[in-house]
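Colleague: what's the 3D shape of this:
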Amino acid sequence: MLRDWIEGRVHEVFGNINFSITHFEFEFLNHLRNIGNAMQAKLAKTNDTFTGDSLLAVCSYVGILQLTEWCLDNSANTNSYNNYNEHVLYTACIHNRHHIVCRLLDDADKKYINVHVYNQTFYKACQCGFKEIVIRLLKETIDVNDSYSSPATPLFIACKHGHVQIVSILLNQKADEIDINKGKRQSYYDMMKTPLYIACKRGHIEIVSMLLTSPGIDVNMRRDNFKTPLYAASAGGYTYIVSLLLKHDSQGINKARIHGATSLFVACQKGHAEVVTVLLNQKSILINECMFTGMSPLFIASLQGHTQIVELLLSSNSDVNICFKNKATVEYEFKQYSMRIMLSYVNLFGFKQHISKFEELLRVLNG
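Modeller: Below is the predicted model:
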């Protein structure tokens, strides 16, 4: 094994299945400590010839803390990179080796570690939900708003993946530093997809609650296509999140996306009756607000066959005659839609379902 190690087959040596046996690991390390100091120093500085990983990085793969201690005792390089430009600290992080990360940070000559290494490692820990590593890295010089290696911030990526504890740690420990509205910048527009937006889109209730109580939160900040957090929650059918957002004083309930669709419109389109009910209970809701084409919430609900939503809209005095820019009625436009379906050879059963729903809607409309 030592010959293979010296020749640079480091991953092969420590990928040996016998290292999963505690007694074997103990005996190997005991033998290692009894060879000459010069040989120990040479072995500690030997990298894998294929990946370029240092022994410390290999320790992170296999998770042998005692071997890490031996490396540090023999002055192994704590600032090494492999052939993929991955720092040893980052390697320890992606394998969730909390104890190894701590030992590296405690022992490393930090003035030689690039600040981007810290930020890249911190981002990955937030993305993966590695709580202990996040807490330890926050003791270092970390830019919690950095997006050096990604268009997104650590807070955004934690919100996206639903890591409640990570979000809580960031908001509590770095409240004075963190930019609550900085998230993922869109490539072609000077617009920002915020942490609140992505949490609403993914339906992460606890995270939305935490963000809404944070100072400076912008509940109406839009992404590149003008979708707001409320729009995202309405589209996803997340009734409780919609209710939370509507409690916020500055919530713009009628804000529309780039083609004019509002939160009410998309909830009607998707068939989310509970969300529609919550939105209709708001005094400031514009029930007849149309897309730029003139299409209304009532029309899209009719077109999609959402009978319950049509009834809700009609009971809230929705205008039956507002549909398209040509001022066609719901009945006329649906018949046109039905003809297009037949001409496109949609299966007969699906077509009959649409006709059946429409006939039911006509009974509702005709009262």
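Colleague: got the contact list for the most centrally placed residue in the chain?
Modeller: The residue at the geometric middle of the chain, judged as the C-alpha nearest the mean C-alpha position with Cα atoms, centre = their mean, is Lys160 (1.8 Å). Contacts for Lys160 (Cβ atoms under 8 Å, 6 or more residues apart in numbering) come out as Ala152, Ile198, Ala199, Arg202. Placement of C-beta: from N, CA and C, glycine included.
Colleague: let's see it at 6 Å
Modeller: Contacts were defined as Cβ atoms under 6 Å, 6 or more residues apart in numbering; by that measure Lys160 touches Ile198.
Colleague: Below-threshold pLDDT in the chain: ranges please.
Modeller: For the chain, applying pLDDT under 70 flags the ranges 110-112, 147-149, 185-191, 223-225, 257-258, 293, 320-367.
Colleague: hmm, 50 instead?
Modeller: 325-327, 342-351 (pLDDT under 50).
Colleague: And for Pro297, the neighbour number?
Modeller: Pro297: 33 surrounding residues under other Cβ atoms under 10 Å.
Colleague: oh sorry, the question was meant for Lys184
Modeller: Here the neighbour count serves as a burial measure; for Lys184 (other Cβ under 10 Å) it reads 21.
Colleague: Equivalent analysis for Gln127, please.
Modeller: Neighbours of Gln127 using other Cβ under 10 Å come to 19.
Colleague: same question, Cys93
Modeller: By the criterion of other Cβ under 10 Å, Cys93 has 28 neighbours.
Colleague: Skipping its backbone neighbours, what lies nearest it in space?
Modeller: Using Cβ to Cβ, 6 or more residues apart in numbering and skipping the chain neighbours, the partner closest in space to Cys93 is Thr121 (4.7 Å).
Colleague: any idea which element that neighbour lies in?
Modeller: For Thr121, the element it lies in under DSSP states H and E is helix 115-128.
Colleague: Can you spell out which helices and strands pack onto that helix?
Modeller: For helix 115-128, the contact count by 3 or more Cβ pairs under 6 Å, 6 or more residues apart in numbering; DSSP states H and E identifies helix 88-94, helix 131-137, helix 154-160 as packing neighbours.
Colleague: Tell me how far the residue nearest to the centre of the chain lies from Asn96.
Modeller: From Lys160 over to Asn96 the distance is 19 Å, taken as Cβ to Cβ, to the nearest Å.
Colleague: do Ile309 as well
Modeller: In this view, Ile309 and Asn96 are 46 Å apart by Cβ to Cβ.
Colleague: could you pull out the strands for the protein?
Modeller: 184-185, 192-193 (DSSP state E).
Colleague: from the chain's centre, how far out does the last one sit?
Modeller: Its chain's C-alpha centre lies 12 Å from the corresponding centre of strand 192-193 when counted by Cα atoms, centre = their mean, to the nearest Å.
Colleague: same question, stretch 167-180
Modeller: 17 Å.
Colleague: Stretch 20-27 too?
Modeller: Offset of stretch 20-27 from its chain centre (Cα atoms, centre = their mean): 40 Å.
Colleague: May I see the buried residues of it?
Modeller: Going by neighbour count (16 or more other Cβ atoms under 10 Å), the buried part of stretch 20-27 is Glu25.
Colleague: the helices in the stretch 101-250 of the chain, which residues?
Modeller: Listed in chain order, the helices found in the stretch 101-250 of the chain under DSSP state H, counting those that start in this stretch are 115-128, 131-137, 154-160, 164-173, 195-202, 205-212, 229-236, 239-246.
Colleague: Ok, which of the ones you listed comes nearest Phe19?
Modeller: Proximity to Phe19 (Cβ to Cβ) singles out helix 131-137 among the helices of the stretch 101-250 of the chain, at 23.0 Å.
Colleague: now for the closest one, which elements pack on it?
Modeller: Using 3+ Cβ pairs under 6 Å, 6+ apart as the contact test, the elements touching helix 131-137 are helix 98-107, helix 115-128, helix 164-173.
Colleague: Now distance to Thr68 too, for those, in TSV please.
Modeller: As requested, those are arranged in TSV below (distance: least, Cβ to Cβ, whole Å):
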stretch	distance to Thr68
helix 98-107	5
helix 115-128	16
helix 164-173	25
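Colleague: tell me the most buried of those?
Modeller: Mean neighbours per residue, mean count of other Cβ atoms under 10 Å, is largest over the helices and strands packed on helix 131-137 for helix 115-128, with a mean of 21.
Colleague: Helix 98-107 and that one, what's the angle between them?
Modeller: Taking axes from the mean of the first three to the mean of the last three Cα atoms, to 10 degrees, one finds that helix 115-128 is oriented at 160 degrees with respect to helix 98-107.
Colleague: Which residues outside helix 115-128 are in contact with it?
Modeller: 87, 89-90, 93-94, 133-134, 137, 140, 142-143, 146, 148-149, 154, 157-158, 166.
Colleague: how about a cut-off of 8 Å?
Modeller: Applying Cβ under 8 Å, 6+ apart, the set of residues contacting helix 115-128 from outside is 87, 89-90, 93-94, 96, 101, 130, 133-134, 137-138, 140-144, 146-150, 154-155, 157-158, 161, 163, 166, 170.
Colleague: Quick one: distance of that helix to the chain centre.
Modeller: Centre to centre, stretch against its chain (Cα atoms, centre = their mean), the figure for helix 115-128 is 15 Å.
Colleague: Neighbours of Ala175, how many?
Modeller: Ala175 has 11 neighbours, counted by other Cβ under 10 Å.
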